[in-house]
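Asker: A predicted structure for the sequence below; I have some questions about it.
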Amino acid sequence: MSISAANSLAAGDLSYRAGLTQGTSISAGNDAGKLWLPIWSGEVLHAYDEYRMFEPMVTSRMIDSGRTIEFPMTGTVALKEAWAAGEYLVGGDSSVTETFAISLDARPMAAHFELDNVDLMITQWEYRQELARQAGQTLANARDKQVAAFITHAASAAKIALDPRPVQFPAPFQDAALGAFDPDAALKVLEAIEDFCVDLQENDVPAGACYCAVSPRLFQQIRRLGVADSAASAQNAQPFFGGVAAAGGLGEGFRAGLNSLSDSLVYMGVTIVKTNHMPNDWTNATGTPVGESRYNINGNAAGVKALLWCPDAVAAVRKTGLVVDTEDDIRRNTTFTVASMLSGTGVLKPELAKVVVDDTLTPSGAALTRAEVATAIGGDNGYAAS
């Protein structure tokens, strides 16, 4: 369509450009003044997708309608080693199909702020984009913590009676060396990765995408393994993750900083990522809650230093879209704006998750158990079939 006087848009056709009054009056009598909200909503969603980390690394689903998605837990296939003529075969070991129901949380999470001049949101992209970035990052950070909490739940969940699968849940990896941020701790994380790979093989799990999450400080120690830290060691220094072919070609040359939170390393097929959202004290009593009570765990009580998992260990669901709204507050002479979303999380396959801890907990037996970690972190993992 050509641009002409007959078919071009006039300024008055865009309500938020018609005049300052329409653009800044966000009252019930002037809904046209809210036409900028869909634009801002898209900018918030873009920022959310940019900053989130854990959600794409688990089984993620969008819910268009309803509140629950069910994932099947099938029975096992039985074997008749010598099927005699006329012998009647009856089903497998279990013919009952159970499901794991993953539901949205009861209440949404919301990012909100107040402005004394909403015209800046409407007319200046730089101002609106920065608030959209902050709102998206706030929601993404909260969601990352929720998913991290449930990866920890999956790594400490016990087998349920209705599960017919002959699988063994990986035991926690515990070592006192993990209490510090030094090369010894970094080497222990690599050892835990090797143990996890063996756990998957012993459970006949097809090894696909696997992840290991650590703090940025521990990630840096892994990155610099083999780097000289004294004059004596400088003579034979050979970085593990410096892209050196003789050392396995791991990582990249040290001209690359890998200083972004989105950067990662790969060791034996497991992607090592860094996050500021490792489970610490998210309890209501002493910490900062991140959602419903089931999310509010205390990773510090168990000394959680790293998480290992495959995507099918945890399911994350989210309601399609984002709810945004704004309203004038004449008593405060401000404009209040909120962006909210509904999401939910649940444990699917605990055999695909492992937790790495220091010596904060003292095991009651020869080795630390999942039950002891679950008791220490608290919260409700909701792992049950229906």
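Answerer: Yep, that arrived. Numbering: from 1, shown residues only.
Asker: C-alpha only now, for contacts and for neighbours.
Answerer: OK.
Asker: ranges for the helices of the stretch 151-300 of the chain?
Answerer: 183-202, 216-223 (DSSP state H, counting those that start in this stretch).
Asker: could I get those helices as CSV with mean pLDDT?
Answerer: Formatted as CSV, these follow (pLDDT from 0 to 100):
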stretch, mean pLDDT
helix 183-202, 94
helix 216-223, 94
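Asker: tabulate those (CSV), appending distance to Glu43 and mean neighbour count.
Answerer: Shown next, in CSV, are the helices of the stretch 151-300 of the chain (distance: least, CA to CA, whole Å; neighbours: other CA atoms under 10 Å):
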stretch, distance to Glu43, mean neighbour count
helix 183-202, 38, 19
helix 216-223, 28, 20
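Asker: how many other residues sit next to Thr283?
Answerer: Residues near Thr283, counting by other CA atoms under 10 Å, number 21.
Asker: residues contacting it?
Answerer: Thr283 makes contact with Pro289, Ser293, Asn296, Ile297, Asn298 under the criterion CA atoms under 8 Å, 6 or more residues apart in numbering.
Asker: could you identify the most distant pair in these?
Answerer: Ser293 and Asn298 (11.4 Å; CA to CA).
Asker: between those two, which is the more surrounded one?
Answerer: Taking neighbours as other CA under 10 Å, Ser293 and Asn298 compare with Asn298 leading, 25 against 14.
Asker: thinking again about what came up before, of all the contacts of Thr283, which comes closest to Ile69?
Answerer: Ser293 (20.8 Å).
Asker: that closest one contacts Gly379, doesn't it?
Answerer: Yes. Using CA atoms under 8 Å, Ser293 is in contact with Gly379, at 6.3 Å.
Asker: looks to me like Phe113 is in a helix.
Answerer: No. Using DSSP: H, G, I helix; E, B strand; the rest coil, the secondary structure at Phe113 is strand, not a helix.
Asker: quick one: it from Ile39, how far?
Answerer: Distance from Phe113 to Ile39, counting by CA to CA, to the nearest Å: 17 Å.
Asker: check contacts around Leu261.
Answerer: With CA under 8 Å, 6+ apart, Leu261 has these contacts: Pro216, Val273, Lys274, Thr275.
Asker: next: Ser264.
Answerer: Counting by CA under 8 Å, 6+ apart, Ser264 touches Leu258, Thr271, Ile272, Val273, Lys274.
Asker: same check, this time on Thr99
Answerer: Glu70, Phe71, Pro72, Met73, Ala385, Ser386.
Asker: residues near Leu35, how many?
Answerer: 15.
Asker: what subset of the contacts of Ser264 is buried?
Answerer: For these, a neighbour count by 16 or more other CA atoms under 10 Å gives the buried set as Leu258, Thr271, Ile272, Val273, Lys274.
Asker: how close does the nearest residue in space to the first one that is not next to it in sequence sit to Ala313?
Answerer: The shortest distance from Leu258 to any non-neighbouring residue, by CA to CA, 6 or more residues apart in numbering, is to Ser264 (7.4 Å). Taking CA to CA as the criterion, Ser264 is separated from Ala313 by 21 Å.
Asker: list the contacts of the most centrally placed residue in the chain.
Answerer: In the chain, the residue lying closest to the centroid (CA atoms, centre = their mean) is Phe54, at 2.4 Å. For Phe54, the contact set (CA under 8 Å, 6+ apart) comprises Asp144, Val147, Ala148.
Asker: with these in mind, which one is nearest to Glu43?
Answerer: Asp144 (19.1 Å).
Asker: spell out the residue ranges of the strands in the stretch 151-300 of the chain.
Answerer: Applying DSSP state E, counting those that start in this stretch to the stretch 151-300 of the chain gives strands spanning 173-174, 210-214, 264-267, 270-274.
Asker: among those, which is nearest Asp182?
Answerer: Ranking these by proximity to Asp182 (CA to CA) places strand 210-214 first, at 13.2 Å.
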